[in-house]
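Enquirer: no sequence on this one, just coordinates:
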Ligand SMILES: Nc1ncnc2c1ncn2[C@@H]1O[C@H](COP(=O)(O)OP(=O)(O)OP(=O)(O)O)[C@@H](O)[C@H]1O
């Protein structure tokens, strides 16, 4: 469970996340939607302990990420698929992380299989990966410790339609097993098909949240543009 309470972040005097409150329940996929620069990544970084809130709190299972006893096994994080060391192979990256988490090599093979990276691909340096391959590696990395909570920033970025469908199923199955999923996107169609619960943010503030039905989102694009002020 993720509990975000009156969360704010100020950079250089400017509020980029402004009094954001929402919860992500186990068994659900929460879609965090907003236009470029709305504050999605900043919020997710605070959930994962990478950035300190100016005020308010982002709690995972009741405590801030940094206070979790075994965070790598509790929360799977994908924030920037291009952040991995470019000179290492996909397999090396996962093996190192598996060691840190105290997991066996078998788990590395399992997640590689799960995300559909071929043996040949896993032996290539990440520098030579396509964006879609980097994204799959990032998802493998997030899944490594079999975490209950997944926090994913734009996970569909760079995936082809087959990849997007695969990821949607993966997240759905994770939630159906009782997991908690929070994913951000500006790909409306993707969120529309994946999420049970939607949180819409614009200029740092939550402008709407609820189920698709609650938001009256028959035409999510229209609703999104209206809520985020992109059209009158
Ligand atoms: N480290 C930082 N220092 C100063 N300003 C920042 C910093 N990180 C983010 N910002 C600003 O905060 C605002 C929100 O950025 P953020 O990356 O959270 O938005 P986003 O909703 O994830 O956007 P996108 O969809 O484009 O990724 C932007 O105006 C951005 O320029």
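Expert: Yes, it's here. What you see is a predicted model; the values in this text were computed from it and never measured. Residues are numbered from 1 along each chain as shown.
Enquirer: nearest residue to the middle of this structure?
Expert: The residue lying closest to the centre of the chain (CA atoms, centre = their mean) is residue 152, at 1.1 Å.
Enquirer: does that residue fall in a helix, a strand, or a coil region?
Expert: Secondary structure, DSSP: H, G, I helix; E, B strand; the rest coil: residue 152 is strand.
Enquirer: list the beta-bridge partners for it.
Expert: residue 78, residue 183 (DSSP bridges).
Enquirer: need the phi and psi values for residue 206.
Expert: Dihedral pair for residue 206: phi -70, psi 120, per degrees, to the nearest 10.
Enquirer: that one and residue 38: what is the separation?
Expert: Distance of residue 206 to residue 38, computed by CB to CB, to the nearest Å: 10 Å. Every C-beta, even on glycine, is put in place using the N, C-alpha and C of the backbone.
Enquirer: with residue 57 instead?
Expert: In this view, residue 57 and residue 38 are 20 Å apart by CB to CB.
Enquirer: do the same with residue 72
Expert: Residue 72 is 28 Å from residue 38, where distance means CB to CB.
Enquirer: wait, a helix at residue 37?
Expert: No: Residue 37 is assigned coil when assessed by three-state DSSP, not a helix.
Enquirer: hmm, residue 207 is touching residue 215, no?
Expert: No: with contact defined as CB atoms under 8 Å, residue 207 does not count as touching residue 215 (10.3 Å).
Enquirer: now do the shared contacts for the two.
Expert: Common contact partners of residue 207 and residue 215 (CB atoms under 8 Å, 6 or more residues apart in numbering): residue 200.
Enquirer: mind checking which of residue 72 and residue 38 has more residues around it?
Expert: Between residue 72 and residue 38, residue 38 has the larger neighbour count (other CB atoms under 10 Å), namely 24 against 17.
Enquirer: spit out the contact partners of the more buried one.
Expert: Contacts of residue 38 by CB under 8 Å, 6+ apart are 201-204, 228.
Enquirer: contacts for stretch 46-53, please.
Expert: Counting by CB under 8 Å, 6+ apart, 2, 4, 7-9, 17, 42, 45, 58, 60, 64-66, 71, 75, 77, 79, 151, 182 sit against stretch 46-53.
Enquirer: so among these, which ones count as buried?
Expert: For those, a neighbour count by 16 or more other CB atoms under 10 Å gives the buried set as 2, 4, 7-9, 17, 42, 45, 58, 60, 65, 71, 75, 77, 79, 151, 182.
Enquirer: filter the residues you listed down to the ones near the ligand?
Expert: Applying CB under 6 Å from any ligand atom to the buried ones among the contacts of stretch 46-53, one finds that residue 42 fall near the ligand.
Enquirer: how much space is there between residue 151 and residue 32?
Expert: As judged by CB to CB, residue 151 and residue 32 stand 10 Å apart.
Enquirer: in this structure residue 130 contacts residue 158, no?
Expert: Yes: counting by CB under 8 Å, residue 130 touches residue 158, with 7.1 Å between them.
Enquirer: so which of these two has more stuff around it?
Expert: Neighbours per residue, other CB under 10 Å: of residue 130 and residue 158, the larger number sits with residue 158, 19 against 12.
Enquirer: which parts of the protein are helices?
Expert: 40-47, 71-74, 90-100, 105-115, 119-122, 131-143, 161-176, 188-194, 220-227 (DSSP state H).
Enquirer: wait, which of these is closest to residue 26?
Expert: Comparison of these against residue 26 by CB to CB identifies helix 161-176 as nearest, at 8.1 Å.
Enquirer: from the contact counts, what lies against the closest one?
Expert: strand 28-33, helix 131-143, strand 149-153, strand 180-185, helix 188-194 (3 or more CB pairs under 8 Å, 6 or more residues apart in numbering; DSSP states H and E).
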